[in-house]
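Chemist: Sharing a model that was predicted from the sequence below.
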Amino acid sequence: MNYTEIMVRYGELSTKGRNRRIFISQLAHNVKKSLHEFEEVKIHSDRDRMHLELNGADSEKVMSHLSSIFGIQSFSPVIKIEKDTDVICETAVEMVKEIWEKGQTFKVQSRRSDKQFVWDSNDMNREVGAAIYHGIPGIEVKMIKPDIRVDVEVRREAAYLSCLTLQGPGGLPVGSSGKGMLMLSGGIDSPVAGYLAMKRGLEIEAVHFFSPPYTSEKALHKAKDLTVKLTPYVGSIKFITVPFTEIQEEIKASVPSGYWMTITRRFMLRLTDLIREKRYALAIINGESLGQVASQTMHSMVAINEVTTTPIIRPVVTMDKNEIIEIAETIDTFELAIQPFEDCCTIFAPPEPKTRPKLEKVLQYESRLDVEGMIERAMAGLVVEEIKSSDDFLNASTKEMDDLF
Ligand code: ATP
Ligand code: MG
């Protein structure tokens, strides 16, 4: 079918009152960015709907982009035709024929905003319905919950037909809630946390702590590839590598092992917060899940969180591992996350981390360290990169190795 436009229905943002305009223009901006390769597509937004005029662009390809743009509830390919009763009926039959499967039912739902048009909406329902009924042998009419609903709308300038509604991802347009720094390890939880934060409108930048030579280049590439998996929702994501070796070595040398984890996490959080400030973000996002490991008991969270008052968003905090894995599978990060490249935490994991660390002890042990100097040196070594959907780090590095031998 030669669709001429895609009609986009907004999700929750239609209920946002005064902020609605901001939400709609953010969504239009995100759609435009996602469709940058289709220069011919023109976007018109109004209060209730967004219309993407295709001007010859392939509707299937355009629609495949829309299914990953947050803020879109659903969308329908539409064909714009002349306001002629024969043309309307013929096109409706052709359109339904293309998607109809044996046994499916239909109904026609018409609207006429052009009151001069020869048919009113009842006539249209009847006439277009009859054309489809006679044009497709075996098709039945069903008024309540039909399989196919044919929407016919006659406006002043033309008639519009559509019979397909596809689900968008819902949520809020990325960027409409500001920006947050995602603490991204190479694990299962943090990419899911990043995805869920974006779904609620947060733009994200990834912060990754890297401890060479204890952690391999592969672990870093894995974290970058996980970031690649999150780009379809935004186009590109900034990835910030923080050198973490000195901090981990110092902690290991001066702090009793039961407190390594708590103090390491406090350093991660301090650094992420500083990076957040530098990059004008408002929040920190991580993949902590209550009770999952020693660092994620309520007592640990209190001791770790003490270093900042910045809001920390923990999208998976109340989820069971199974629930997190289910999302990781849908966003295709699971297989990658379970690849066995150790990250910095696994290597410096103490035999018995405290699950109820005491803040006085934490402060006492930290006073043995040159906290400021360690932070300053780590901040001096930040590397900021932009990750795009076409990037592929693990495969590229394996290929490079193969080429060497
Ligand atoms: P994940 O599956 O996300 O690695 P996890 O269950 O393994 O989480 P932890 O290793 O305790 O849990 O990490 C808790 C959170 O701390 C992670 O979800 C992530 O947000 C952050 N984090 C841990 N390690 C790193 C790292 N190397 N770089 C950046 N953030 C990290
Ligand atoms: Mg981890």
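Modeler: Structure received. Being a predicted model, the structure only gives us computed values, none of them experimental. Ligands and ions are numbered 1, 2, ... in the order given.
Chemist: Return the residues of the stretch 51-200 of the chain in contact with ligand 2.
Modeler: Ser185, Gly187 (C-beta under 5 Å from the ion). For glycine as for every other residue, the C-beta is placed from the backbone atoms N, C-alpha and C.
Chemist: Just the closest residue of the stretch 51-200 of the chain to ligand 2, please.
Modeler: Closest approach between the stretch 51-200 of the chain and ligand 2, counting by C-beta to the ion: Gly187, at 3.5 Å.
Chemist: Contacts for stretch 362-374 next, please.
Modeler: 246-247, 250-251, 254-256, 259, 262-263, 266-267, 270, 303, 306 (C-beta atoms under 8 Å, 6 or more residues apart in numbering).
Chemist: 10 Å instead?
Modeler: When contacts are defined by C-beta atoms under 10 Å, 6 or more residues apart in numbering, stretch 362-374 is touched by residues 244, 246-247, 249-251, 253-256, 258-260, 262-263, 266-267, 270-271, 303-304, 306-307, 354, 357-358, 376-377.
Chemist: Start and end of it, how far apart?
Modeler: 17 Å (C-alpha to C-alpha, to the nearest Å).
Chemist: which parts of it are buried?
Modeler: Of all the residues in stretch 362-374, those buried under the rule 16 or more other C-beta atoms under 10 Å are Val362, Tyr365, Glu366, Leu369, Val371, Met374.
Chemist: One more: stretch 39-50?
Modeler: So, applying 16+ other C-beta under 10 Å, buried residues of stretch 39-50: Val41, Ile43, Ser45, Met50.
Chemist: buried ones in the longest strand along the chain?
Modeler: Using DSSP state E, we find that the single longest strand of the chain is strand 72-81. Neighbour-count burial for strand 72-81, counted by 16+ other C-beta under 10 Å, picks out Ile72, Gln73, Phe75, Ser76, Pro77, Val78, Ile79, Lys80, Ile81.
Chemist: cool, and stretch 305-312?
Modeler: Buried-residue list, stretch 305-312, by 16+ other C-beta under 10 Å: Val307, Thr308, Thr310, Ile312.
Chemist: Filter those residues down to just the ones in strands.
Modeler: Ile312.
Chemist: Out of the buried residues of stretch 305-312, name the two that are farthest from one another.
Modeler: Within those, Val307 and Ile312 form the most distant pair, 10.6 Å apart (C-beta to C-beta).
Chemist: Spit out the residues that contact those two alike.
Modeler: What both Val307 and Ile312 touch, as defined by C-beta under 10 Å, 6+ apart, is the set Leu269, Thr272, Asp273.
Chemist: ok, now which ones touch the nearest residue to Met319 once chain neighbours are set aside?
Modeler: Once flanking residues are discounted, Met319 sits nearest to Ser289: 6.0 Å by C-beta to C-beta, 6 or more residues apart in numbering. Contacts of Ser289 were listed using C-beta under 10 Å, 6+ apart, and they are 188-189, 192-193, 296, 314-321, 323-324.
Chemist: Check those residues for the minimum pLDDT and say which it is.
Modeler: Lowest pLDDT among the contacts of Ser289: Gln296, with 84.
Chemist: If Phe75 is in a bridge, with which residues?
Modeler: Assessed by DSSP bridges, Phe75 has beta-bridge partners Val8, Leu166.
Chemist: That one reaches Gly170, doesn't it?
Modeler: No. Counting by C-beta atoms under 10 Å, Phe75 stays clear of Gly170, with 12.0 Å between them.
Chemist: Skip ahead from the longest strand of the chain and say which helix or strand is next.
Modeler: helix 85-99 (DSSP states H and E).
Chemist: domains for this protein, by residue range?
Modeler: Per the TED database, the domain ranges recorded for the chain read 5-167, 179-403.
Chemist: Highest mean neighbour count out of the ones you listed?
Modeler: Highest mean neighbour count of the domains of the chain: domain 179-403, a mean of 18 (counted as mean count of other C-beta atoms under 10 Å).
Chemist: secondary structure class for the residue in the stretch 1-150 of the chain positioned nearest to ligand 1?
Modeler: Nearest residue of the stretch 1-150 of the chain to ligand 1 (C-beta to the nearest ligand atom) works out as Phe70 at 20.6 Å. Per DSSP: H, G, I helix; E, B strand; the rest coil, the secondary structure class of Phe70 is coil.
Chemist: ok now do it, which residues does it touch?
Modeler: With contacts defined as C-beta under 10 Å, 6+ apart, Phe70 is in contact with 11, 13, 26-27, 30, 168-176, 195, 198-202, 233-234.
Chemist: swap the cut-off to 6 Å and go again
Modeler: Taking C-beta atoms under 6 Å, 6 or more residues apart in numbering, we find Phe70 in contact with Pro169, Gly171, Pro173, Val174, Lys199.
Chemist: can you tell me which of those residues are in helices?
Modeler: Of those, the ones assigned to helices by DSSP state H are Lys199.
Chemist: nearest spatial neighbour of the residue in the stretch 151-300 of the chain positioned nearest to ligand 1, skipping sequence neighbours?
Modeler: Taking C-beta to the nearest ligand atom as the measure, the stretch 151-300 of the chain has Gly187 as its residue closest to ligand 1, at 2.1 Å. Closest residue to Gly187 apart from its sequence neighbours, by C-beta to C-beta, 6+ apart: Ala337 at 5.7 Å.
Chemist: Tell me the pLDDT of that neighbour.
Modeler: Each residue has a pLDDT score; the one for Ala337 is 95.
Chemist: gap between it and ligand 1?
Modeler: Distance of Ala337 to ligand 1, computed by C-beta to the nearest ligand atom, to the nearest Å: 7 Å.
Chemist: thought that residue was touching Ile188?
Modeler: Yes. Counting by C-beta atoms under 6 Å, Ala337 does reach Ile188; the two are 4.4 Å apart.
Chemist: hmm, back to that, just the mean pLDDT for the longest strand of the chain, thanks.
Modeler: Regarding strand 72-81, the rounded mean pLDDT is 96.
Chemist: shift numbering so it begins at 9
Modeler: Sure thing, new numbering starts at 9, so read that last one as strand 80-89.
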